[in-house]
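Only the shape, not the letters, is given here:
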């Protein structure tokens, strides 16, 4: 029951839709349907505290059916007509994936918005961008923040696309494995639950967990970006760089070393994200080589998906707060610009613009560097980036504003989810 | 070079598009662009054998640039203007993902078509469907085949969606990490290479490999279905069942046991698919915790993606041939229908249709079974399934035809890819 | 605190040993050491209920130190001398690995004993052994059970070896990263905590979690064997085979199909074991690419190891009970011996013993089978296996008894662990 | 054949031992055994070039048997008596694991020796040790190198232990799944192949690949250490630190940035090691849920193990060369000691040694730091570390010498392997 309990809001909606389909099929009369409807409301009200009841029923579905019999009487014994727990749980997990996928996409939008807003604020802060962990070129701190804004928006859009895909077909009505001989209208069920159509093959519907796997893959890829973000901030906070003013609320002291403040929140972000990446691999292991038809192994996917999604939602929220609190030390960044000749590429390109072939300019600048010939002010050079999406302050502001505008219009356009709108 | 070589066709297209952009930017004149174009044709012609040249250049990009200098003269020294190997390889890998994703989607369609065609042929063959590896209900062999047709079509559609997503933005022009000060028109490059727009953040473009990861996740999920297919066929071929007439060309004998023919192709399918699932986990490990900016670690993703995709394409093709050769033994299937009272659910539903509550009917049938009361002919009962997508012969044929119609119309609608159309 | 709490018994032992070392080093006097000892007893008594206290201290170590100050007064402020939480947690995790590794080895022994005992009982039950999921040769059911007895004993012995390896060196005294300038006798600490020696490099001790990784790898390999066991039992319980009398207490009915009893416990065993296999991959992801020195990411390994070990211990116990309850249907097994000419290899070897070359005998038997020439009684043939470790009843009994004898003598020889002997 | 070919030296030894056992069993006479022996020598001589022959035989075993028939005549048709490819390949893989495990242990020793030798050279170089990527305490560069020396020695010792474990029992004689009715002396075979005893259960021997999995787990754990080493060196080479004099031969330039030298070899080390970690997960996926008895899936483990081991051996060798070439910039390290008050812990401990309680001293030093009160020279402070295994120059030299002494005595004691001693 504890492992199932998060599915309760979806279970109640499913029961409601199923009761309507049974009415249409003549299995229920109007009174019976209404009795079920009232009982579902009662269960919902009694369960609003969020804690699973102490019960020795095998699972959520059995418990809800027993509650229906208790609250609505004998009609409760008919509710499972033309249905199995197999298609029931397959449907609930898809509903959960749709709902949670949407929530995570929303969390992506919020983090994206925070990052893009900060990017504008940080657009004039120039620091050394790196490749191979070597100082490579001057660029805007806002440009760095936009890396993650862009990645979050992309992740959110992919989740939106995945959610739309999962909505296409509804497993309910697939029965245990083969459907049912009772002519229930699966179209009605599908529409009532927010899907476009019933699924086309009952064996596929009951044997597979593709929506769960796709959700896990999507959030694993998102977790990778969060890990790189954490790695970057930890590196920027390095003692000798001191580029960040690391927010105290997200760090801790040392038990042995009085001199230390550690970037714990970012280390934990990097650490915890592994559980999300690992969840996908775990689910793949679980599904590997299972024969057709429902197998009880499938039950084990519930905590994998639920734990990973809950954790990711928390981490997205924490990261959004962290970005809000993050600040930089412009003096230390300015001081770091003096290392590594990071003006070299832009000096080379100045020669190219004067007509020298690129390879010749490359050698010429290398020679200049070897001879100690100085170039112009490094921080100013970032202004010279001309290509779209480059590291200049102007591009940073332009792209950040474009992203913010898209987020607003996308937020307006998104249809709200109905069947779980009132879940906390 | 060997690890890069599969990217050659994309590299040549990229060079061509870059030359055009350099012409527009005034870095090249018409003659120089034409010289580069001619040299690219020459390299293509000389490389048509498919084998990488023996060379000690560091990578494909360096080798191609050296070839351009050799074939086109000094203009070759300009070709790398406003470009880095970092944005170059990011672009090539996206082009590869788009191209290969499309090929795999096509392979999915072909396997789907084979399965749906066979499903019609097998629609009247009734056998015991299983849940929990227990005989559960009678159903059509075609219905079983449709499970995989549906899964293949779904996988193909997701790949098509992913490919469209990857086409949205082109990394080229992102330079090493920060873009370039030379005002190249990235829109031109993007359009010429089949993308919609240039990417919006050079750091994101050069630091991430999301298209590769998404491709790997997609094919890993597809591989899971192939593994379940293999598990099913191996189980159906079990000595005491003997449901399949296992095709000789896909099996082998035993070195010690004269009595054996083994379902090797299916065991190898199940076994080899693990390398595709593992490839995603491998790539996630690789990307874990990398700091922003290109890191040489990223180079290691090339063989991961390439090997996994090549293997999957082979396995899809093998499986398509296997399905074509697969046949069933209707007598042995008929004999198996006598086990496990698989008519029970349908008998229960007959009582429900006569007005008995489901839970009462469930107990009544259980009592009948305990008392040895026989039901009607099991094979015939499959005809009574009424829900959409159920296991009856009629539904099998209906869904199979619908799938085949969709495949045809989808195949007509798909735009062909241009820049790698002539690759073998 | 909740994530740390399982380390409490080890923490208390560690504090006790540290207090003794501080006494030896002159930091504590006798009264102070005794005050700490009394306070530790008090904490232990107060914590015997097993539930973590409600507290907002950062972790277990901070909480225990605060308790020591509360119970023992100012001396509590000295207890953290020459110590960091970094070496503390590294030591606790090693102590946990040693303790839990030993418990799991014990669980392996118990399952092994159950399997070997049953193997003797099942030695005369002959059934078709399989390769490639094809009936291959007749053999004893006890021989099959011994496969897992042998694997469990091997896993237990490897854990015993690993535990001995982990005992070799103790991290305590490594400080935060570099050791300490206070000349504490690390040898004393190591011996008091059951280790052979102090570790040789403080940076290695605080940066790595090798014992945890090795424990996870060991139990992952063991979990694989449990999964194969589950797969076998599920297959043996297949409707048309019916070889097992599947124990009712380990199965469940179907919500839709009155005819079904499902082998749920074995499916869950197969399913849950994936979380143990996945835990190793998770921990590897976590550790990947971390720089030297303690990083907070390391904290995330605690629940990975603890959850996996707890689950495995439960699964071992469940499986031991299951084996006890498992029974077979000798008639159905006898009936299955008639399929697949599984006498072929033994007939071939009879010809070899009469002087025919193996390859000729192989062809001759294949011809006989094709001509329908019958061999002798299959079940009796199992008696003819002569090689050590083969599938005959006699070998089954011989090996089972040998294993049981080893378990007894090994159990007698094993030294009991002291510092956690009284943990539940 | 290509995937099998690396097993040839072991296959030839196995055939030789099998021929001897057949002689003892009376299946072969002396002439026949000698004919086989001569044919094996011939195959060995003809195969010394290392390339697999072009052949369409199914696998190595079939090819070798065909060669024996060709070279030795009809006796070749007897060689497969009382044997299956199943026990054959299980034995070969164990022989390979033993051989390669030994080689990798040797590679660990060599890297360990290189690191320990350098540790002595670097014992007086003091630099900031880090925790949480923050400067934490002064310590010897040699102490840092010893972290990896200790880890390599530990990994090598575990491999030695694993190899000894694998040598305990020999699968040969297990036949296809059930042993054989021909009374071959499995003890003879086991001893001739360097094992202690024959295995006790033919089903376990042919169904499992535990030695492969354990080898993969061991090298995965080792690969983690190499990755951390790479991460450290990359960080030490950071532009603003410049602690390393990164060896030119292990780096490359940039195609776009004339100012860069990148630590490519270390990035590739970090990147390539993922394939070793991933190999273990891959093999676990492969084995997951397989039923008892040989399944063709098992064949897929060969390239997983072989590729991972070959790569690791190369990486160990590369890293050993890299350590030899690595040098440090003592001035830049000295400059870095001024950051982050890394003397704080040692100052705190000085107060403790003067009688102040640790917690009071912790606060006192924090106050001093806040007030800007300077401590003594940081580099000198490293000398004050007193605990065993700490970061002082004296401890670095002491431990390094101890390790070197152990390596020498261990190298002398190790028994050389016989059956593959002459493989390249």
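It's in. In this text the structure is predicted, and so the values were computed from the model without any measurement.

Now do the SS call for the closest residue to chain B within the stretch 301-424 of chain A.
For the stretch 301-424 of chain A, the residue closest to chain B is residue A:390, as judged by Cβ to the nearest Cβ, at 2.4 Å. Any C-beta I mention is one placed from the backbone N, CA and C, and that applies to glycine too. Secondary structure assignment for residue A:390 (DSSP: H, G, I helix; E, B strand; the rest coil): coil.

One more: residue A:83?
Criterion first, three-state DSSP; result for residue A:83: coil.

For it, grab phi and psi.
Dihedral pair for residue A:83: phi -150, psi 150, per degrees, to the nearest 10.

OK, contacts around it?
Residue A:83 makes contacts with A:18, A:172, A:173, A:175, A:180, C:256, as judged by Cβ atoms under 8 Å, 6 or more residues apart in numbering or on different chains.

how about the lowest-mean-pLDDT helix or strand in chain A, does it reach chain D?
When each helix and strand of chain A is scored by mean pLDDT, DSSP states H and E, strand A:252-253 comes last, with a mean of 81. No: residues of strand A:252-253 contacting chain D under Cβ under 8 Å from any Cβ of the partner chain: none, with a closest distance of 8.6 Å.

Which strands and helices lie in contact with that strand?
Here strand A:252-253 touches strand A:261-262, going by 3 or more Cβ pairs under 8 Å, 6 or more residues apart in numbering or on different chains; DSSP states H and E.

Which strands border the strand it packs on, and is each parallel or antiparallel?
Note on strand A:261-262: by DSSP bridges, its sheet partners are strand A:252-253 (antiparallel).

Need the nearest residue in space to the spatially most central residue of chain A, chain neighbours excluded.
Geometric centre of chain A, nearest residue: residue A:104, 4.1 Å, by Cα atoms, centre = their mean. Leaving out its chain neighbours, the residue that sits closest to residue A:104 by Cβ to Cβ, 6 or more residues apart in numbering or on different chains is residue A:159, at 5.8 Å.

Quick one: name whatever helix or strand follows the helix or strand harbouring that neighbour.
Under the criterion of DSSP states H and E, residue A:159 resides in helix A:141-166. For helix A:141-166, the following helix or strand on the C-terminal side (DSSP H and E) is strand A:169-170.

Check what contacts that next one and list those residues.
Residues contacting strand A:169-170 (Cβ under 8 Å, 6+ apart): A:91, A:94, A:186, A:189, A:190, A:193, A:195, A:196, A:197, A:198, A:199, A:200.

now it: how far from the chain's centre is it?
Counting by Cα atoms, centre = their mean, to the nearest Å, strand A:169-170 is centred 22 Å from the centre of its parent chain.

Is chain B within reach of the next helix or strand after that strand?
Later in the chain than strand A:169-170, the nearest helix or strand by DSSP H and E is helix A:186-192. Yes: with Cβ under 8 Å from any Cβ as the criterion, chain B is reached by helix A:186-192 at A:186, A:187.

Show me what helix A:186-192 is packed against.
When contacts are defined as 3+ Cβ pairs under 8 Å, 6+ apart, helix A:186-192 packs onto helix A:8-24, strand A:169-170, strand A:197-198.

ok, back up a step: pLDDT added to the contacts of strand A:169-170, as TSV?
Formatted as TSV, the contacts of strand A:169-170 follow (pLDDT from 0 to 100):
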residue	pLDDT
A:91	98
A:94	98
A:186	97
A:189	97
A:190	98
A:193	98
A:195	98
A:196	98
A:197	98
A:198	98
A:199	98
A:200	98
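
coming back round to it: would you mind measuring from the residue nearest to the centre of chain A to chain B?
16 Å (Cβ to the nearest Cβ, to the nearest Å).

now residue A:165
Noted for residue A:165: a distance of 7 Å to chain B, by Cβ to the nearest Cβ.

tell me the contacts of that residue?
For residue A:165, the contact set (Cβ under 8 Å, 6+ apart) comprises A:214, B:157, B:158, B:161.

Go again with 10 Å.
Counting by Cβ atoms under 10 Å, 6 or more residues apart in numbering or on different chains, residue A:165 touches A:98, A:101, A:210, A:211, A:214, B:154, B:157, B:158, B:161.

Please dump these into CSV; it should also carry pLDDT, neighbour count and distance to residue D:356 for every row.
Below are the contacts of residue A:165 laid out as CSV (pLDDT from 0 to 100; neighbours: other Cβ atoms under 10 Å in any protein chain shown; distance: Cβ to Cβ, whole Å):
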residue, pLDDT, neighbour count, distance to residue D:356
A:98, 98, 25, 62
A:101, 98, 26, 57
A:210, 98, 21, 64
A:211, 98, 23, 62
A:214, 98, 23, 60
B:154, 98, 22, 70
B:157, 97, 17, 71
B:158, 97, 23, 66
B:161, 97, 18, 67
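
Any chance of CSV for those residues, columns distance to residue D:78?
What follows is those, written out as CSV (distance: Cβ to Cβ, whole Å):
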residue, distance to residue D:78
A:98, 66
A:101, 64
A:210, 53
A:211, 58
A:214, 56
B:154, 54
B:157, 58
B:158, 56
B:161, 60
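
Wait, the residue of the stretch 301-424 of chain A closest to chain B touches residue B:204, no?
No: judged on Cβ atoms under 10 Å, residue A:390 makes no contact with residue B:204 at a distance of 11.9 Å.
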